[in-house]
Each structure stands twice: as C-alpha cells, then as structure tokens.
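Chemist: Show me the folded form of this:
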Amino acid sequence: MKTTPPVGAHPEGIKARAAIKKPPPPAPTPAPRIVGIGASAGGLVALEQFLEKTPADTGLAWIVVQHLDPTQKALLPELLQRVTAMPVHEAAQGMRIKRDNLYVIPSNTELTVANGSLMLAKPAEPRGLRLPINILFSSLARACGEGAIAVILSGMGSDGTLGAQAIKAVGGLSVVQEPTSAQFDSMPKSAIAAGCADIVATASELPARILAFVAKAPALVRVTEEAQDTASSAPLQQIVRHLQRHTRHDFSLYKTSTLLRRIERRMAIHSLASLALYSKFLAKNPQEIDLLFKELLIGVTSFFRDPEVWDYLIETTMPMLLAQRAADLALRAWSIGCSTGEEAFSLAMVFSEVVERLPEFHDFTLQIFASDLSSDAIATARRGQYPLSIAEHVSAPRLARFFTRHDTHYQMNQKISDMVLFTQHDVVLNPPFTRLDLIVCRNLLIYFDPMLQRRLIPLFHYSLRDDGVLLLGSSETIGRFHDLFAPVQAKLRLYQRQNQVATTGRHLPVRSFPPLSTFAKEHLVSTPKNPSVATDNLQSAADQVLLQVYSPAAVVLNHDGDIVYISGRTGKYLEPAAGKANWNFHAMVREGLRTPISAALKQAALQSIPLQLRGLRISTQDDAQVVDVTVQALQEPSALQGMTMIVFRDVFRNTATPADATPAADNSYAAIQQQYVDEIQTLREETRTSKEELQSTNEELQSTNEELQSTNEELTTSKEEMQSMNEELQTINSELQTKLDDLALAQSDLQNTLNSIEIAILFLDQNLNVRRYTDRAAKIINLRESDLGRPLSDLTTSLLYPTMHEDAQDTLRTLVFSEKQIPTNDGRWFSIRIMPYRRLDNVIDGVVITLVDISATKKLEAALREQSVR
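Modeler: Residues are numbered from 1 along each chain as shown. Below you'll find the predicted structure:
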C-alpha cells in the first residue's frame, strides 16, 4: 500500500530536515567543590568573621555544621545571611548542592553529603555524645576525595578531628582557626595536635588561604605533569634527597606520580609555583620536611576491607594453613604497611573465629608482626582505640565480642591485641621477618616503581615457609614471578609459595642480607653495560656454588656484637627482635643458644683456636632441634681482625643414638654449662619470688584501678553531657545576644521617632504606672527618668485635668477611647486622647495617652466667636 506524505509536507523537505544534524547536548556542569565548616561554642563570631571575608562568587559550595540545641529551632541561617551576599539555606533532605550557596544544618539532625545532594538523618547517639562535624567531614571524604575541604573553627571538645583526618587521608585540605584567636580553643587545638591541620590562621584570614589553594591547583597539575615527564629533574631529586637526609628513608624508589601528587598539595598550601621553589623552601624549613614525610605516609585502611577476601580467608585459607601446621600448633603472619592497625586486627579476629569454629585447632596460637614506616600510625595502632564509625565496617557480633565500647570510641580487647606486635619498619631497607605462614601486603606495592616491586616479590618468597600464603591488594599482582607463587584465588590476589624453585639466573635473596642493598646501589649508580667480571673461571664458579648451596649457616660479629655479615639461611637460629630493627646478635639469637654462646664469645676472645659447643637445643615451636656451634675469634685477614665468626650445624637425630650424640663434648663446655645451670636455677627462684610479690601487688592495684576506672567513666560521661549542654547554651546565648542587639537598635529607632514628632505621648502599664514617655510629654507633665514605674496619680502637671487618672482607669476597664480638650494653668489647650495599649499578641497591657497642643486652634475659635458676637 502506497502512502502519501501529509498535507504541506514535501518529501524533499522531509529529507532535508532529516539531514540537519541535531546540536550536541550541552556538557554537564561539573559538581562544585565543597567546603565543610565545623564550629561549636563561640562559633557564631568566628563564622561571621569567616563569611565577611568570603566572596559571593568563589564557585565553591559551603556547608556549616554547628552544635545546636536539639529542642529549639535554629536561628543560624537568618544570622549568617546578614554577613554574606550568598544565598543561605537551611539544609533539607535531598537538596541539590549548588555553587556559591551556603547550607546550614537544622537542629537535631546529622548532615551528610552523597551524590551531590544533602542527606539528613536523626542522630544515632544520645544528646551529649553527638559528633555532627565528624559525620559531615567523613562523608565529604567519601564523596569528594581529594577535592574535599574541611574548616574547623572555635569550639569545645574534639569534634571534627577524626573527620579532618579522613579528609587529609584522601588528599583533601584541612584548615584550622588559630587557637589564640578562637573564643574556645579546644577544637582547633585537637585538630592541630592530631597533625591534620594543613593551614592555621585566624577566621578572617582562612577564606583567602583556601581560595589561594584552590586557584593554585590547576597550575600545579601542569607543573607536576611536566615534572612527571622528566622524572629525573633536578628539583625532584633535591626534594627526595632532603627527605632522605632528614628522615633516613629513600623515596626515590616510589612512583613519581605518587610523589608529585603529595608534593603538589604541599606546594598549593604554601602558594609555591614550582618544584624548584618548593625544594628551596624545604631547605630553609625542616619542619616542612616532617609534614611532607607524613603526607607521603598517609594510609587509607579500614577493618575487613574487601569482605569477600576475608570470607575466603575464614572458609578456606586459614583452615588450610592450620592443617599444614598441625604439628607446630602455631602460625606466624606479617602485615606489611599496617597503617593504624585495622588490617592486622582484622586478621587476628578472623583467626579467633576460625579456631573457635574448628575444635581441632583450639590449641593453636597466632603471632602477627605488623609493620609500618610511620611512627604516628604505629602509636595509634598500639593504643587500639577506634572511632564509633567503625560500626559501618565491623558487624555487631564482632563489635560485641572483640571490642569494648566507650563513649567516644571502641577499645580493642586485650586478647586480640596480644596477638599483634606493632613495629616501625622499612620493608625496603630493614631485614624481613622470616619463617612466616602468611604475608599480608595490600595496596603498598602500587606506590613503588616496577623495579622495586620485582625485588620485593622474591623477598616475600624468602620470608615464607613452605606452602605459605601471600595476600596482595586488589590492584597488585606477582607480575612475572609465576615460578615463585601459584595463584590460589587470582581474583582475590591470594597466592601460595612454590617450594621447589630453580635459582639459576635469578637474583634471589636467599644467601645473604640485606637483600636490597645491591639493588639500592644499582638504582642510584649506573652499572656497566658490558659485564666484564663474569665468573668464567671453573674454580671460582665451583667455589661459589659450594658456598651458596653446601656451606653451613654462619654470621660474623663486630666487637659490639652487631651482625655485619650473614651466610646461608640463619632463620632457624636467629629471629629479628620486636620493635625497632636491631642487628645485635644477642637480641636476635633464639632461646637455648643465647646463654651458652654468650659465654663462649667471652672465652673465644681469649684463645686462638675455635671453641666447639655441641648438642645445644633450640627453643622453638618445632620439634626440638639439636645444633653444634663453632665460635672463633678472627685475626686475619686484616679486614676481619677483631671480629668473631659463629657457625651453626644441625645435628640430625636419625644419624646418632642418644648415647653417642655428643661424644666429643669439651670438659670446658661441661663446666660452663654446669655453672650456668646453677645460675639459671638461682635466677628462676628469685624470679618466682618476685613474681609472687608482684602478682599480689598487681591484684591490689587491679582492684583499685577498676574502681577508679568506673568512677572515671561516670565522671567522663557527666563531663561530656555538661560540655555538650554548655556548647548548646553558648550557641543560644550568642543568638540571643544578637537578638538583644537588634532590639536595642529598634528601641533606639523608636525613641528617635517618638522624639521627632510634635505629639506628647505617655505610656502606662496595667497599674497605670509610667512605662515610657516622649520629651514633649515631660514638658507638660513633670517627668524624669527616675519617674519610670511611678503611678500616674503621683505626678504633678500643669493640666487642669483632675479626673485624668479616673478616665484612664475607665478606658482600661471598658476599652473605650476617651478624648477631651483640657486647658493648662498657663493658658494653653491640649487635646488629650486615652486609648488601650494593645500588644502584638492582642493582649491589653495598659493605656496610651497622647497630648496634642491645640492652643492655636482655641485662640482662633475665640477670635471667631468675638467677631460673631459683634
């Protein structure tokens, strides 16, 4: 069936219109950058000072959160509108956030930001324990990332500190009012003490500093992009050297993009336009180096991050490791880059849940070594105190089982804390922990350059025991080291150690340590392209194989007992001590070897022949291992003069019977051993006695401590409630003071208005006492300021009006106006009108008497009357 076009529609015209391209849709408007402002007691003055210096066209959006009385409607929006040209809104649920607008929290709500909108919720905590500023700042960190800006002004308590830390952790900006300029300095001081204040200035100076930071950001991006293209630029190398000299940590192995992103923030804060200027600034300001160091070490972590990984650990990985170590009844794990401890504690909680669920593993123990480069993060982890907001990531049963809730935080239980040993440690330079069953290194390798990543993966292989497990972050892999690790769950980044590994051609750190020292030299000093020192000599090659494969484990000590060289695998005999890395032999040697070897070192220094110690037993959780030890003082070559070598040799029990296991034991060793056995026994008895006394004292102190703790908790609760009430009263007082100022101004305007008109007015209350009067009324009725509150009947006047008091009473009773013309004793006439005084709420509250001078009118009337008589 043929169709025809509609009337008026020519086919060619239709084609022509179809060929016309539609204009592209307009580009979406980018979301405005958001500034969150937190204030409490004394905050109204600080907010007014801040907003008076804030332009109305900054392109930013501003959100104000203040501690308010939950039972009263807030007057804050009206008060702030007087000092800013920006539109001020009381926040509402779902309200879209627009640039150059100011939003204020309503009473009795929690305010957050999500998807460019404001979200309101009823407070979860009771009055006195609410932290609305932390809640807003934390939501800004989640929603805006490094674009978030936090401002902390005057207030009591510490609200805002945790939120500012969250913003700083994601690369945002945190600014704080100078404490000396704040009416109440607790909130600013808390943020500064926590190390999260990027800028500290007075409230009136902060807007300019924020706008300067925002304006610098685009230019700095171009600068850092150019520097990234030339990563070896001299200014960047100078900055890295400043860090290395001041902190002893080498950041040249970090990704250039990571370094530049953190440096960029510090440059924007100080309004520096180039890396060269920032390098000079570092040279003159050592405290800035500390701030940059902390900036580079900011860790973003949480409990049970990536829940599917932890579920797999609970269901599969942990039971597998426990089954593999059934003979040992112990597991060892290392959490690398642990930050503030959430991941290490998560692992401890998972272990506790698994051993409780599987009865056959109830006797197992877990030792977790948790390390990080940041001393501040380690100190936080050791305290084991976490904000109440961790309830978002930790289930209620886990919170009840593993934490103790306090008013402002959760405290990790002692049983879990005892599983974790926190230590400041540099995985690049310090010796690794060894004989591990599990290594957790999540989201750390992504900050290192590929060369360093390729060196660390073999180090992890070296540190793990057979069939140990490596857990990496979601953006990390083992790279090309498939011969070292096999994937258990590649999607979850879980890998298992491969036990049979060929070392040909591979630079594995299995024979000497530090394993990365050669790498550091390779990284800083270029190596020759033509390796002319290849081991072509048969004897040299054979000697090298014999030394690497068949030589016993040995260490060389200097005169202070520090280890200067390690040969072979010594993890069975030595173990890094907890805490700060320590290379002293006496701190690292295992129990069972420490006492006899310490004595042998003293004896070996007095003789030239080696001293043999046979049949020593190592105190480990494995089956008892018997070891022979040789201790020899070295006199030659000259490079080793004054040093001592200790060689370890395992004695296998299946090659000798108990009767002839140590047939060649020295008499000298037997005497030494007997002597130390006696000394040890004496020490044990003294220790036992001291322990009993200390235990008794400890029980008494524990009882006293519990009582004090209970009292302290009650006082803390009362203090926080009073502090919250005080802050709310301070806010109300500020609002009322503003209202009083307005009323005083209105009263002044009214008084001037009344005095400027030619009518005498007298205001009386319900008892006909003087309430207010105008200057003209004082000239007719004898009035002065001291007469306020005096009865009308007590006043003297020139009016010939003896019934004025009675007329006023009649008006007050009947609400009927009274108007009369009354003469004075000096010949003047006044029109006196008496009317009820009606308040705005329609309540009669006295009378108003007006007196209008009609003397001229009376004279005119008298003249007209005379003329008419004539």
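
Chemist: what sits against residue 824?
Modeler: 780, 798-800, 830 (C-beta atoms under 8 Å, 6 or more residues apart in numbering). For every residue, glycine as well, the C-beta is placed using N, CA and C.

Chemist: Now intersect those with the helices, please.
Modeler: residue 780 (DSSP state H).

Chemist: and the two most separated of the contacts of residue 824?
Modeler: 780 and 800 (11.8 Å; C-beta to C-beta).

Chemist: Comparing the two, which shows the higher neighbour count?
Modeler: Legend: neighbour count by other C-beta atoms under 10 Å for residue 780 and residue 800, higher for residue 780 (19 against 10).

Chemist: Does the more buried one touch residue 795 like I think?
Modeler: No - assessed by C-beta atoms under 8 Å, residue 780 is found out of contact with residue 795, at 10.4 Å.

Chemist: check contacts around the nearest residue to residue 72 once chain neighbours are set aside.
Modeler: Nearest non-adjacent residue to residue 72, counting by C-beta to C-beta, 6 or more residues apart in numbering: residue 107, 6.3 Å away. Contacts for residue 107 (C-beta under 8 Å, 6+ apart) come out as 68-74.

Chemist: Same question for residue 375.
Modeler: Residue 375 neighbours (C-beta under 8 Å, 6+ apart): residue 424.

Chemist: So what does it have for phi and psi?
Modeler: phi -70, psi -30 (degrees, to the nearest 10).

Chemist: how far away is it from residue 282?
Modeler: 20 Å (C-beta to C-beta, to the nearest Å).

Chemist: likewise residue 124?
Modeler: 44 Å.

Chemist: do residue 149 as well
Modeler: Taking C-beta to C-beta, one finds residue 149 at 24 Å from residue 282.

Chemist: Same question for residue 155.
Modeler: In terms of C-beta to C-beta, residue 155 sits 33 Å off from residue 282.

Chemist: And the two? Which one has more around it.
Modeler: residue 155 (30 against 22).

Chemist: Compute the number of surrounding residues for the residue lying closest to residue 800 once chain neighbours are set aside.
Modeler: In this structure, residue 800 finds its nearest non-sequential neighbour in residue 823, 5.3 Å apart by C-beta to C-beta, 6+ apart. A count of nearby residues for residue 823, using other C-beta under 10 Å, gives 15.

Chemist: hmm, who's touching the strand or helix carrying residue 823?
Modeler: Element membership of residue 823 [criterion: DSSP states H and E] is strand 818-823. By C-beta under 8 Å, 6+ apart, the residues outside strand 818-823 that reach it are 799-801, 804, 807-808, 810-811, 829-835, 854, 858.

Chemist: let's see it at 7 Å
Modeler: With contact meaning C-beta atoms under 7 Å, 6 or more residues apart in numbering, strand 818-823 is reached by 799-801, 807, 810-811, 829-834, 854.

Chemist: Drop anything exposed from the residues you listed.
Modeler: Buried positions within the contacts of strand 818-823, assessed by neighbour count (16 or more other C-beta atoms under 10 Å), are 799, 801, 807, 811, 829-834, 854.

Chemist: export the residues you listed to JSON lines and tack on pLDDT?
Modeler: JSON lines is the format used below for those (pLDDT from 0 to 100):
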{"residue": "799", "pLDDT": "88"}
{"residue": "801", "pLDDT": "89"}
{"residue": "807", "pLDDT": "91"}
{"residue": "811", "pLDDT": "90"}
{"residue": "829", "pLDDT": "90"}
{"residue": "830", "pLDDT": "90"}
{"residue": "831", "pLDDT": "90"}
{"residue": "832", "pLDDT": "92"}
{"residue": "833", "pLDDT": "92"}
{"residue": "834", "pLDDT": "93"}
{"residue": "854", "pLDDT": "88"}
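
Chemist: and of those residues, the nearest to residue 471?
Modeler: The nearest member of the buried ones among the contacts of strand 818-823 to residue 471, counting by C-beta to C-beta, is residue 811 at 90.9 Å.

Chemist: nearest residue to that closest one other than its sequence neighbours?
Modeler: The shortest distance from residue 811 to any non-neighbouring residue, by C-beta to C-beta, 6+ apart, is to residue 834 (4.7 Å).

Chemist: Kindly report the same for residue 417.
Modeler: Per C-beta to C-beta, 6+ apart, closest to residue 417 is residue 384, 5.3 Å.

Chemist: isn't that neighbour right up against residue 416?
Modeler: No - Residue 384 is beyond contact range of residue 416, at 8.1 Å (criterion: C-beta atoms under 7 Å).

Chemist: just checking, what packs against the longest helix along the chain?
Modeler: Ranked by residue count, the top helix of the chain under DSSP H comes out as helix 667-756. If you count contacts as 3 or more C-beta pairs under 7 Å, 6 or more residues apart in numbering; DSSP states H and E, helix 667-756 packs onto helix 594-604.

Chemist: change it to 6 Å
Modeler: Of the remaining helices and strands, none touches helix 667-756 by 3 or more C-beta pairs under 6 Å, 6 or more residues apart in numbering; DSSP states H and E.

Chemist: ok, and what's touching the helix or strand following it?
Modeler: As assigned by DSSP H and E, the chain's next helix or strand after helix 667-756 is strand 760-764. For strand 760-764, the external contacting residues (C-beta atoms under 6 Å, 6 or more residues apart in numbering) are 771-774, 776-777, 780, 792, 846-851.

Chemist: Tell me which entries of these lie within strands.
Modeler: 771-773, 846-851 (DSSP state E).

Chemist: Could you dump those residues into a markdown table with distance to residue 576, pLDDT and neighbour count added?
Modeler: Below are these laid out as a markdown table (distance: C-beta to C-beta, whole Å; pLDDT from 0 to 100; neighbours: other C-beta atoms under 10 Å):
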| residue | distance to residue 576 | pLDDT | neighbour count |
| --- | --- | --- | --- |
| 771 | 86 | 89 | 18 |
| 772 | 86 | 86 | 17 |
| 773 | 91 | 87 | 22 |
| 846 | 89 | 91 | 19 |
| 847 | 94 | 93 | 25 |
| 848 | 92 | 93 | 18 |
| 849 | 97 | 93 | 24 |
| 850 | 97 | 92 | 17 |
| 851 | 100 | 90 | 23 |
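
Chemist: Export these as TSV, with columns for distance to residue 31.
Modeler: Below are the ones in strands among the contacts of strand 760-764 laid out as TSV (distance: C-beta to C-beta, whole Å):
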residue	distance to residue 31
771	57
772	56
773	61
846	58
847	62
848	58
849	64
850	62
851	66
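
Chemist: So which of those is the closest to residue 265?
Modeler: Of all the ones in strands among the contacts of strand 760-764, residue 772 has the smallest distance to residue 265: 61.5 Å, by C-beta to C-beta.

Chemist: circling back to that earlier point, so which of the ones in strands among the contacts of strand 760-764 would you say is closest to residue 741?
Modeler: residue 772 (20.2 Å).

Chemist: list the contacts for the closest one?
Modeler: For residue 772, the contacting residues are residue 763, by C-beta under 6 Å, 6+ apart.

Chemist: now residue 140
Modeler: Residue 140 makes contact with 36, 113, 148 under the criterion C-beta under 6 Å, 6+ apart.

Chemist: Name the member of those with the most neighbours.
Modeler: With neighbours taken as other C-beta under 10 Å, the top of the contacts of residue 140 is residue 36, carrying 31 neighbours.

Chemist: Other residues contacting the host helix or strand of it?
Modeler: Residue 36 is part of strand 33-39 when elements are defined by DSSP H and E. Strand 33-39 is contacted from outside by 46-47, 60-66, 133, 136-137, 140, 144, 147, 149-155, 160, using C-beta under 6 Å, 6+ apart.

Chemist: mind saving the C-alpha coords of that strand as CSV?
Modeler: The C-alpha trace of strand 33-39 is given here as CSV (Å, rounded to 0.1, in the frame of the first residue of the first chain):
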residue,chain,number,x,y,z
ARG,A,33,33.9,21.8,45.2
ILE,A,34,32.5,21.6,48.7
VAL,A,35,33.8,23.3,51.9
GLY,A,36,32.6,21.9,55.2
ILE,A,37,32.8,24.3,58.1
GLY,A,38,32.5,23.0,61.7
ALA,A,39,32.0,25.2,64.8
